[in-house]
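Peer 1: I would like to see how this sequence folds:
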Amino acid sequence: MNGVPDAFADHLTDTSQILAAYTTLRLGGPAGTVTTAVDTGEAIAAVRRTTVEGRPLLVLAGGSNVVIGDAGFDGEVLLLRNRGVEVVSEGAGEVVVRVASGEPWDDFVAYAVSSGWSGVECLSGIPGAAGSTPIQNVGAYGQEVAHTITAVHAYDRLDDRQLAMTPEECRFGYRSSVFKHNDRYLVTAVDFRLTKEDLSTPIRYAELARQLGVEAGDRVPLDLTRETVLKLRAGKGMVLDPEDRDTWSVGSFFTNPVVSAAFFAEVTAARGEIPGWPGEDGTVKLPAAWLIERAGFPKGFGDDRVAISTKHTLALTNRGDGDTEALLALARTIRDGVRDRFGIELHPEPVLVNCAL
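Peer 2: Next comes the predicted model:
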């Protein structure tokens with residue numbers, strides 16, 4: 001999904017708002033107050049104020065990786081709308097750019113590609129804002145933001161200070177980081193080290209390589225890579241379209257399970273062959289979409305309120321008249337069905353706010 005819902009407002013005052021207007025799912029109840037920050041100073045001031053007052057705080061940028069309960073959020077909702085891309089250092093073969101946390105992610109990717117900067121082209125079309133990408137270590141088609149991040153600039157609510165955190169301090173993992181499920185830090189900007197090169201990084205993802213007509217490890221022009229990734233994502237309903245209900249989602253609702261090699265051997269012996277990708281640490285990553293389909297939940301499964309996307313098994317969608325509880329009920333049905341069929345537990349990828357599976 002590219003960009004943000006049309007319902008996003010450019011300027012808001014502190015007043016009650018329905019949070020469905022600020023999420024790509026178009027779901028979520030009312031907020032206590034909603035405040036917009038158009039620069040980093042305003043954002044930090046808002047966070048500091050709520051901390052001093054002891055009020056709950058929810059920070060939203062693109063609203064693309066969050067599921068908000070029907071009861072909403074009885075506290076302060078801070079909308080990050082700070083923008084900007086700045087070159088902070090440049091060498092013969094690389095450039096370090098600082099991207100404001102509220103900068104739409106795909107706008108930055110498009111800018112990097114047009115500038116001849118390689119390293120994020122396979123992340124084209126991913127929804128939300130740049131500051132959200134390190135939170136879950138966003139990745140797709142063989143790239144992750146952790147591959148290029150050199151620092152995450154943040155405001156530490158606990159110590160009331162601004163700091164630049166190294167990749168080691170960010171503790172990046174598979175769709176995780178120190179920032180996920182942790183409201184201590186407000187991400188204000190992210191530094192990326194990119195290569196000054198008109199060719200992509202080596203293509204690692206088999207589906208992308210096939211679509212490009214190249215071998216794994218080959219490199220292709222940046223603009224062709226971006227164009228192909230956008231085409232692949234659009235075919236899966238992963239590029240936001242207000243007229244296409246298949247795009248009214250958080251993208252992939254479940255992460256691919258990562259299990260030990262021993263458990264993988266036990267499961268395949270008991271339940272039949274399951275595809276998997278061995279990791280370097282003795283683990284195996286399993287395809288959640290395959291598990292969901294084989295457990296009896298095909299594309300389109302659901303009703304006229306909420307359903308699995310007709311284009312992508314991992315996307316749970318609001319068909320227009322749904323609510324959060326209906327979406328979570330669908331997610332529970334799928335989770336329980338996969339567990340019953342394979343003995344494998346699926347876990348949600350988005351952040352759940354005032355709701356639970």
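Peer 1: please enumerate the strands of the stretch 151-300 of the chain.
Peer 2: Secondary structure of the stretch 151-300 of the chain by DSSP state E, counting those that start in this stretch: the strands cover 161-165, 185-196, 258-260, 277-278, 283-285.
Peer 1: what angle do the second one and strand 161-165 make?
Peer 2: For strand 185-196 against strand 161-165, the angle between stretch directions is 40 degrees (axes from the mean of the first three to the mean of the last three C-alpha atoms, to 10 degrees).
Peer 1: return strand 185-196 as PDB; C-alpha atoms alone will do.
Peer 2: Listed in PDB are the C-alpha atoms of strand 185-196, where the atom choice follows Å, rounded to 0.1, in the frame of the first residue of the first chain:
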ATOM      1  CA  TYR A 185      11.200   6.200  22.200                       C
ATOM      2  CA  LEU A 186       9.800   8.600  19.600                       C
ATOM      3  CA  VAL A 187      11.600   8.100  16.300                       C
ATOM      4  CA  THR A 188      12.200  11.500  14.800                       C
ATOM      5  CA  ALA A 189      14.500  10.700  11.800                       C
ATOM      6  CA  VAL A 190      16.400   7.800  10.300                       C
ATOM      7  CA  ASP A 191      19.800   7.800   8.600                       C
ATOM      8  CA  PHE A 192      20.400   5.500   5.600                       C
ATOM      9  CA  ARG A 193      23.700   4.600   3.900                       C
ATOM     10  CA  LEU A 194      23.000   4.000   0.200                       C
ATOM     11  CA  THR A 195      25.300   3.200  -2.700                       C
ATOM     12  CA  LYS A 196      25.700   5.700  -5.500                       C
END
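Peer 1: what sits up against the lengthiest helix in the chain?
Peer 2: Counting residues, the longest helix in the chain under DSSP state H turns out to be helix 324-342. Under the criterion C-beta atoms under 8 Å, 6 or more residues apart in numbering, residues 25, 27-29, 67-70, 253-254, 267, 271, 274, 288, 291-292, 294-297, 301-302, 305-308, 316, 318, 344-346, 348, 355-357 lie in contact with helix 324-342. Yep, even glycine has a C-beta here, placed from its N, CA and C like the rest.
Peer 1: still on that earlier bit, which one of the strands of the stretch 151-300 of the chain lies nearest to Leu123?
Peer 2: With distances scored as C-beta to C-beta, the stretch of these nearest to Leu123 is strand 185-196 (10.6 Å).
Peer 1: show me what the closest one is packed against.
Peer 2: In this structure, strand 185-196 packs against helix 40-53, strand 94-100, strand 117-118, strand 149-156, strand 161-165, with contacts taken as 3 or more C-beta pairs under 8 Å, 6 or more residues apart in numbering; DSSP states H and E.
Peer 1: in its sheet, what does the lowest-mean-pLDDT helix or strand in the chain sit against?
Peer 2: One helix or strand of the chain scores below all others by mean pLDDT, DSSP states H and E: strand 17-18, with a mean of 88. Strand pairing for strand 17-18, using DSSP bridges, gives strand 30-37 (antiparallel).
Peer 1: isn't Val87 right next to Val96, touching?
Peer 2: Yes - the pair Val87 and Val96 qualifies as a contact (C-beta atoms under 8 Å) at a distance of 7.3 Å.
Peer 1: check contacts around Cys355.
Peer 2: For Cys355, the contacting residues are 67-70, 324-325, 328, by C-beta under 8 Å, 6+ apart.
Peer 1: got the phi/psi numbers for it?
Peer 2: phi -160, psi 170 (degrees, to the nearest 10).
Peer 1: using PDB, write down the CA coordinates of stretch 119-130.
Peer 2: Taking only C-alpha atoms (Å, rounded to 0.1, in the frame of the first residue of the first chain), the coordinates of stretch 119-130 have been written out as PDB:
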ATOM      1  CA  GLY A 119      19.700   0.000  -1.300                       C
ATOM      2  CA  VAL A 120      16.000   0.500  -0.800                       C
ATOM      3  CA  GLU A 121      14.600   0.000  -4.300                       C
ATOM      4  CA  CYS A 122      13.100  -3.400  -3.400                       C
ATOM      5  CA  LEU A 123      11.100  -1.700  -0.700                       C
ATOM      6  CA  SER A 124       9.100   0.300  -3.200                       C
ATOM      7  CA  GLY A 125       5.300   0.600  -2.500                       C
ATOM      8  CA  ILE A 126       5.500  -0.200   1.200                       C
ATOM      9  CA  PRO A 127       3.000   1.900   3.100                       C
ATOM     10  CA  GLY A 128       3.500   4.300   5.900                       C
ATOM     11  CA  ALA A 129       6.200   6.800   6.900                       C
ATOM     12  CA  ALA A 130      10.000   6.500   7.100                       C
END
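Peer 1: give me the buried positions along it.
Peer 2: Counting neighbours by 16 or more other C-beta atoms under 10 Å, one finds that the buried residues in stretch 119-130 are 119-130.
Peer 1: rewinding a little: single out the most deeply packed of the strands of the stretch 151-300 of the chain.
Peer 2: Greatest average neighbour count among these goes to strand 185-196 (a mean of 22), per mean count of other C-beta atoms under 10 Å.
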